[in-house]
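Asks: The following block contains a protein sequence and its predicted model.
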Amino acid sequence: MRPMLWLIVIGSAACSRPAATAPTPAGPDAAERELAEANVAWIEGRTAELCACADLACFERIANDMNAWFPEHFGEARLDATQSGRLRDVREQVKSCQAAVAARVQADIDRPSDAALVEMKAIEDAMCACADVACVKRVSEEFEALGTKYADIKATESQIKQASVIVGRITECATRAAGSP
């Protein structure tokens, strides 16, 4: 996954320290603290959403929203020490979530049940293109071979429902084509 601008900004804000020779500025005033608190709370909320993502599309959508938000809002108010600490925690949380989403995405790619659904869809397309019994027989043999190939895979409930719809369509198309003269 591509690096995210807002992680860099969070890291910079959370880890920045004034130069040793610079005078220590006064802490943020009440209005700045309130604005900074709202910004940190927003970041924490979006991070929770980000970490709940089950797929890459969700993760990227939220990350893009955060990237768009940062230039407009970051730096509006100085953070106090507690807020800076919370942003450091968020940065570590995002790194962990990013790795977890990447692992889930890879697991989805590697899951044979997804490949089986793709192949079943191809069989459905082939069966629905059949115009005679010989074609139905040939495609039915391919479907049986597919069943043997994926006999030992485990599918999710959602995948089982998708497969059932595909099998229903294969049956309809086979019946139609077999009934043709």
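Replies: That came through, no problem. These figures come from a predicted structure and were not determined experimentally. Numbering: from 1, shown residues only.
Asks: from here on, contacts and neighbour counts on C-alpha atoms
Replies: Will do.
Asks: for the longest helix that the chain contains, which positions count as buried?
Replies: For the chain, the helix with the greatest residue count under DSSP state H is helix 81-110. Going by neighbour count (16 or more other C-alpha atoms under 10 Å), the buried part of helix 81-110 is 83-84, 86-88, 90-91, 93-94, 97-98, 100-102, 104-105.
Asks: Over stretch 114-132, what's the mean pLDDT, rounded is fine.
Replies: Mean per-residue pLDDT for stretch 114-132: 86.
Asks: ugh, typo on my part, it should be stretch 149-164
Replies: For stretch 149-164, mean pLDDT is 87.
Asks: quick one: contacts of that stretch?
Replies: Identification of contacts with stretch 149-164 by C-alpha atoms under 8 Å, 6 or more residues apart in numbering yields 112, 113, 114, 116, 117, 120.
Asks: C-terminal to the longest helix of the chain, what's the next element?
Replies: Beyond helix 81-110 on the C-terminal side, the first helix or strand identified by DSSP states H and E is helix 112-129.
Asks: The longest helix of the chain vs helix 112-129, what angle?
Replies: The directions of helix 81-110 and helix 112-129 differ by 50 degrees, with axes from the mean of the first three to the mean of the last three C-alpha atoms, to 10 degrees as the criterion.
Asks: which helices and strands sit right next to helix 81-110?
Replies: helix 5-15, helix 30-52, helix 56-73 (3 or more C-alpha pairs under 8 Å, 6 or more residues apart in numbering; DSSP states H and E).
Asks: Now the last one: buried residues?
Replies: Which is helix 56-73. 56, 58, 59, 60, 62, 63, 66, 67, 70.
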